[in-house]
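S.K.: Test case, fold it:
(one chain, ligands or ions: 1)
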Amino acid sequence: MKTSASLPIICLLLLLYPVCLNAALVTSPTDEGEVTISSKYRSLCQGEVVKIYLQSPVPVSATLSLDGKDYTFISDRNNLKYFVLIALGLDMKPETYNAVIHLESSRGVKKDIPFKLAVSGKTFPSKKIKVAGRFTSLAPAAMERIKNEKGILGHIYSISTPGWLGDGRFIMPLSGSISGAFGERRVFNRGFMSRHRGIDIRSPKGTSIRASNSGKVVLSGDLYFSGNTVIINHGIGLFSIYCHMSKTIVRKGVFVDKGEVIGYTGSTGRSTGPHLHWGLRLADTYADPLSIMYLPFD
Ligand SMILES: [Zn+2]
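M.R.: Take a look at the predicted model:
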């Protein structure tokens with residue numbers, strides 16, 4: 001969504017290798033040696049993606065339970081180091097959470113490893129936005145269409161590919177200034193309020209949009225609110241979302257490489273000017289796509 005107030009231009013450092021924070025969470029002895037749990041993140045606050053690592057002396061299978069959700073660890077290049085990605089949702093209460101890792105070694109030895117994760121709150125700004133009336137006063141045909149599209153999206157997001165389809169770090173899908181931050185409270189036409197579940201990158205119409213990482217295209221089409229949209233499944237419940245394009249050039253079902261052009265910027269759907277709305281959804285939770293730029297995947 002293009003708005004009059006622009007936030008600062010994307011920092012060049014972010015386009016290179018941004019520095020993330022590391023935290024050792026817990027070290028736990030097991031019958032087969034010491035297991036170490038650690039994390040990497042930009043910030044431990046609402047709206048961020050966090051990577052949790054598990055280093056084990058023997059092969060294991062493991063799940064992380066946090067705030068009512070379970071995440072399955074996957075191997076990180078070798079079978080003794082594992083990771084999960086978690087998204088700290090906008091609605092996640094800022095407090096210290098009791099997380100548990102359920103571990104089972106290849107010899108069948110089980111152990112639960114508890115640790116604490118302190119999630120901070122964040123202040124998100126509010127913005128007033130004027131859009132065409134058809135996006136706030138919905139005609140019956142539009143409501144029917146939106147309902148249908150909601151069903152399609154629900155089905156797409158319900159299919160989580162267990163393996164990791166990405167290829168190294170995430171990249172920005174295009175360069176440009178950020179005209180809309182993640183998590184903003186938006187009031188449309190002085191009425192309907194919603195949270196901004198992605199970031200807006202301002203760019204002239206027709207600019208190439210690139211896949212931020214490798215994965216499978218699970219949607220390429222025109223949606224009522226998000227216009228011409230592409231959704232890429234990166235595995236382990238993570239999807240990147242690209243909206244308001246003038247044109248999409250990838251078909252549903254194909255695999256795209258990181259950096260491959262998937263379409264061009266436009267202003268289709270509920271939009272006030274050419275830009276890319278870039279979103280990230282992980283385990284049914286939207287997170288700030290800029291936060292994943294800080295995480296290593298190598
Ligand atoms: Zn947006």
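
S.K.: State the pLDDT value of the spatially closest residue to Asp67 that is not a sequence neighbour.
M.R.: Counting by C-beta to C-beta, 6 or more residues apart in numbering, Tyr97 is the residue found nearest to Asp67 once chain neighbours are left out, at 5.7 Å. No exception for glycine: its C-beta is placed from N, CA and C like everyone else's. Tyr97 carries a pLDDT value of 96.

S.K.: Enumerate every residue touching Tyr97.
M.R.: 66-67, 116-119 (C-beta atoms under 8 Å, 6 or more residues apart in numbering).

S.K.: how much space between it and Ala87?
M.R.: Distance, Tyr97 to Ala87, by C-beta to C-beta, to the nearest Å: 13 Å.

S.K.: do Lys247 as well
M.R.: Counting by C-beta to C-beta, the separation of Lys247 from Ala87 is 30 Å.

S.K.: need the strands for the stretch 151-298 of the chain, in chain order.
M.R.: Using DSSP state E, counting those that start in this stretch, the strands of the stretch 151-298 of the chain run over residues 178-180, 185-188, 193-195, 199-202, 208-210, 215-223, 227-235, 238-248, 255-256, 261-265, 275-282, 285-287.

S.K.: Over the third one, what's the mean pLDDT, rounded is fine.
M.R.: Which is strand 193-195. 86.

S.K.: For that strand, name the packing helices and strands.
M.R.: Here strand 193-195 is seen to pack against strand 185-188 when contacts are counted using 3 or more C-beta pairs under 8 Å, 6 or more residues apart in numbering; DSSP states H and E.

S.K.: Sheet partners, orientation included, of the strand it packs on?
M.R.: strand 126-129 (parallel), strand 193-195 (antiparallel) (DSSP bridges).

S.K.: Among those, which comes closest to Thr36?
M.R.: Closest to Thr36 of the strands paired with strand 185-188, according to C-beta to C-beta: strand 193-195, at 35.9 Å.

S.K.: Can you list the buried residues in that closest one?
M.R.: Judged by neighbour count using 16 or more other C-beta atoms under 10 Å, strand 193-195 contains no buried positions.

S.K.: Next: stretch 230-245.
M.R.: 230-245.

S.K.: What about the ion: which of these touch it?
M.R.: Of the residues in these, proximity to the ion by C-beta under 5 Å from the ion holds for none.

S.K.: Mind pulling up the pLDDT for Pro18?
M.R.: Note for Pro18: predicted pLDDT of 67.

S.K.: how near is Gln46 to Arg197?
M.R.: For Gln46 relative to Arg197 (C-beta to C-beta), the value is 12 Å.

S.K.: Those two: which is more packed in?
M.R.: More crowded of Gln46 and Arg197, by other C-beta atoms under 10 Å: Gln46, with 23 against 19.

S.K.: Mind picking the two most distant members of the buried residues of stretch 230-245?
M.R.: Spatial extent of the buried residues of stretch 230-245 (C-beta to C-beta) is set by the pair Ile236 and His244 at 26.8 Å.
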